[in-house]
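In: Quick one: sequence plus predicted model below, questions after.
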Amino acid sequence: MLDLKAIRERPQEFEKRLKSRDPHFSVNVVLGLDGRRRDLLQDVEKLKHQRNQASDEIAKLKSQKKDQEAQQRIQEMKAISDRIKSLDAELGHIETELNDLLVRLPNLPHESVPVSMNKADKRLVREFKAKPKFDFKPRHHLEVGEALGLLDFTRGARIAGARFPLYKGWGARLELGMIQFFWDFHFTETGYVPILPPYLGNSQSMFAAAQLPKFKDDVYYIEKDDLYLNPTAETLLCNLHRDEILDGADLPLKYMGFTACFRREAGAAGEEERGLIRMHQFNKVELFKFTDPESSFEELEGVVHDAEKVLQALDLHYQVQLLPTGDMAGQSAKTYDLEVWIPSQNRYYEVSSCSNCTDYQARRGNIRFRPGTDAKPEFVHTLNGSGLATSRIMVAILETNQQSDGSVVVPEVLRKYVGTDLLRPK
RNA sequence: GGAGGGAUGGCCGAGCGGUCGAAGGCGACGGUCUUGAAAACCGUUAGGUGAAAGCCUCGGGGGUUCGAAUCCCUCUCCCUCCGCCA
């Protein structure tokens, strides 16, 4: 959510910067509604002031036993009270309209973000290692996985449906091993506080994190209980301090959450995304920070580095991209993607998205901090980044570390968790 | 799932439908005293919106009323008991 007051004060700036990610945005529609709202508010507040004064008077008259006069005032106030009711109703309509508009506006992009609606206009920041070379044609991870008996999509589909994964044997150990490694790494090496949150969130939580109202069709919804399945732990961790005033001295707060993530992926399909690339359910360790406004962009660089360290430990080729305005999630002011190399497809896939959402989610969730003892509360900044999602990492490991005999070398850091250094064909 | 009880400021806890945005206590902050500290005493201490006056907020929403923390309806959460269950 954007600051309406700021829009009122700097309309040209908002018009320009919001158009860079939403070409249909018009600041005049917002300001028009806001103007009507403020006019009405003045009228209704004057009447309420009258009512409050009259209430006091009536109370006094009654205590002085001047019932006649009191009765007269009460009669007078009936008309004012009715007028307040009708104005309040009108005001309510305008506020609903204005609010519906505001909650759908994306965050203001940071100056450093490339301005373009074209997703291809991302900017390469840096890369790690060279692309792996093979003296044979690298096979698709489904082939590799099948030969090793790691995955069983047929039975996964029987149990739940298409695009639900089923890991088996060493595949299950590899999956869990990655999770444990990420979990340990971010606890001991990068210092995040581990959180195992609920996997379901209520609509308030979904709203604060900006999953609602825009992405209603992308999340699983349990109507009977009015609860949503976690699409990413960002959504859950964002609500850890909803409606709280944090102590400024405690910032930044660094959390990591491990959850399964559930996404409907309506409309997504395609040959390229066969296998583990895009699924309705996947596992992820998520990094999340609450910071003050001054240090949030610096802290974002930290999140990116923390996520990168995991990829480096796994010894995988990846690149860091700065996304353009048109490709960022609505809540984000600046986003870096980490993309890992997938040999069989000769392309990169996103394995981590690290964003600074500035005060956008904080406003929606009313998450504040007090800078000093007597200072007014201010909105925190929220940051998130995957650290990491496992499924595409498994793809990268299976494909990058495959050998001509069909075996796959387990990355060194995972061996103690997986329990073997080499996955051999059945 | 059933039956009952509750939700008030950072925390605890009062509050006959009428000067209640809310007593009192604790905590925190400032001061007096002290070489310093503690104790004692005095004072300050919710948030939102607004340039301000003001308006709004006693779990959320709705209603009754001239007027609601207080009455009614509804939802959420917490506690106790019963049932079921990993």
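Out: Right, received. Where do you want to start?

In: contacts, neighbours, all on C-alpha from now
Out: Fine.

In: so what's A:R51 up against?
Out: Applying C-alpha atoms under 8 Å, 6 or more residues apart in numbering to A:R51 gives the contacts A:77, A:80-81.

In: What about those, which are in helices?
Out: A:77, A:80-81 (DSSP state H).

In: Buried among those residues? Make that a ChimeraX selection.
Out: Here is the ChimeraX command that picks out the buried ones among the ones in helices among the contacts of A:R51, judged by 16 or more other C-alpha atoms under 10 Å:
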select /A:77
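
In: overlap between the ones in helices among the contacts of A:R51 and the residues near RNA strand B?
Out: A:77, A:81 (C-alpha under 7 Å from any atom of the strand).

In: Can you classify A:A260 by secondary structure?
Out: Of the three states, A:A260 takes strand under DSSP: H, G, I helix; E, B strand; the rest coil.

In: does A:S332 really touch A:D359, like I thought?
Out: No: applying C-alpha atoms under 8 Å as the test, A:S332 and A:D359 come out as separate, 9.6 Å apart.

In: So for those two, which sits in the more crowded spot?
Out: Higher neighbour count among A:S332 and A:D359: A:D359, with 30 against 25, using other C-alpha atoms under 10 Å.

In: Just give the nearest non-adjacent residue to that one, would you?
Out: Closest residue to A:D359 apart from its sequence neighbours, by C-alpha to C-alpha, 6 or more residues apart in numbering: A:H381 at 4.7 Å.

In: A:Q180 too?
Out: In this structure, A:Q180 finds its nearest non-sequential neighbour in A:Y417, 7.1 Å apart by C-alpha to C-alpha, 6+ apart.

In: List the residues that contact the one you found.
Out: Counting by C-alpha under 8 Å, 6+ apart, A:Y417 touches A:173-174, A:176-178, A:180-181.

In: neighbours around A:E271, how many?
Out: When neighbours are counted by other C-alpha under 10 Å, A:E271 registers 6.

In: how near is it to A:R278?
Out: 11 Å (C-alpha to C-alpha, to the nearest Å).

In: sec struct for A:V413, please.
Out: helix.

In: Which of the contacts of A:R51 sits closest to A:K214?
Out: A:S81 (38.2 Å; C-alpha to C-alpha).

In: quick one: pLDDT of the closest one?
Out: pLDDT for A:S81: 91.

In: tell me the pLDDT at A:E273?
Out: Confidence for A:E273, expressed as pLDDT, is 77.

In: scratch that, A:D22
Out: pLDDT recorded at A:D22 is 86.

In: That one and A:V30, how far apart?
Out: In terms of C-alpha to C-alpha, A:D22 sits 14 Å off from A:V30.

In: ok, residues contacting the helix or strand where A:S205 lies?
Out: Element membership of A:S205 [criterion: DSSP states H and E] is helix A:203-208. Helix A:203-208 is contacted from outside by A:212-213, A:226-228, A:235-236, A:238-239, A:361-365, using C-alpha under 8 Å, 6+ apart.

In: Tell me how many other residues crowd A:T335.
Out: Residues near A:T335, counting by other C-alpha under 10 Å: 27.

In: that older thread, next structured bit after the helix or strand hosting the residue nearest to A:Q180?
Out: For A:Y417, the host element (DSSP H and E) is helix A:415-418. Sequence order places strand A:422-423 as the next helix or strand after helix A:415-418, per DSSP H and E.

In: what does that following strand contact?
Out: With contact meaning C-alpha under 8 Å, 6+ apart, strand A:422-423 is reached by A:148, A:170, A:407-410.

In: is it true that A:I74 lies in a strand?
Out: No: read with three-state DSSP, A:I74 is helix and lies in no strand.

In: Which strand or helix spans the residue lying closest to A:L41 once chain neighbours are set aside?
Out: Closest residue in space to A:L41, ignoring its immediate chain neighbours: A:L91 at 7.2 Å, by C-alpha to C-alpha, 6+ apart. Using DSSP H and E, A:L91 sits within helix A:67-102.

In: How about the helix holding A:Y417, which residues are buried there?
Out: By 16+ other C-alpha under 10 Å, the buried positions in helix A:415-418 come out as A:415, A:417-418.

In: Look at A:N202 and say how many residues are nearby.
Out: Neighbours of A:N202 under the rule other C-alpha under 10 Å: 16.

In: contacting residues for it?
Out: Counting by C-alpha under 8 Å, 6+ apart, A:N202 touches A:226-228.

In: Can you flag the buried ones in these?
Out: Buried by 16+ other C-alpha under 10 Å: A:227-228, out of the contacts of A:N202.

In: ok, of the contacts of A:N202, which one's closest to A:A6?
Out: A:Y228 (32.3 Å).

In: Can you tell me what sits against stretch A:218-237?
Out: The set of residues external to stretch A:218-237 that reach it, using C-alpha under 8 Å, 6+ apart, is A:197-203, A:205-206, A:209, A:211, A:255, A:257-266, A:284-288, A:384-385.

In: That one vs RNA strand B: in contact?
Out: No: residues of stretch A:218-237 are not located near RNA strand B by C-alpha under 7 Å from any atom of the strand, the shortest gap being 7.6 Å.

In: Just the CA trace of that stretch, in CSV.
Out: Output of stretch A:218-237 as CSV, limited to C-alpha atoms (Å, rounded to 0.1, in the frame of the first residue of the first chain):
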residue,chain,number,x,y,z
ASP,A,218,-3.0,-18.2,-7.7
VAL,A,219,-3.3,-19.4,-4.1
TYR,A,220,-5.2,-22.5,-2.8
TYR,A,221,-8.2,-21.5,-0.7
ILE,A,222,-10.0,-23.5,1.9
GLU,A,223,-13.5,-22.0,1.8
LYS,A,224,-14.9,-23.9,4.7
ASP,A,225,-12.4,-22.3,7.1
ASP,A,226,-11.6,-19.2,5.2
LEU,A,227,-7.9,-20.0,5.1
TYR,A,228,-5.3,-19.9,2.4
LEU,A,229,-2.5,-22.4,1.8
ASN,A,230,0.9,-20.9,2.1
PRO,A,231,2.2,-19.8,-1.4
THR,A,232,5.6,-18.8,0.1
ALA,A,233,6.8,-18.3,3.6
GLU,A,234,7.3,-14.6,2.7
THR,A,235,3.6,-14.3,3.2
LEU,A,236,3.6,-15.9,6.6
LEU,A,237,6.8,-14.3,8.0
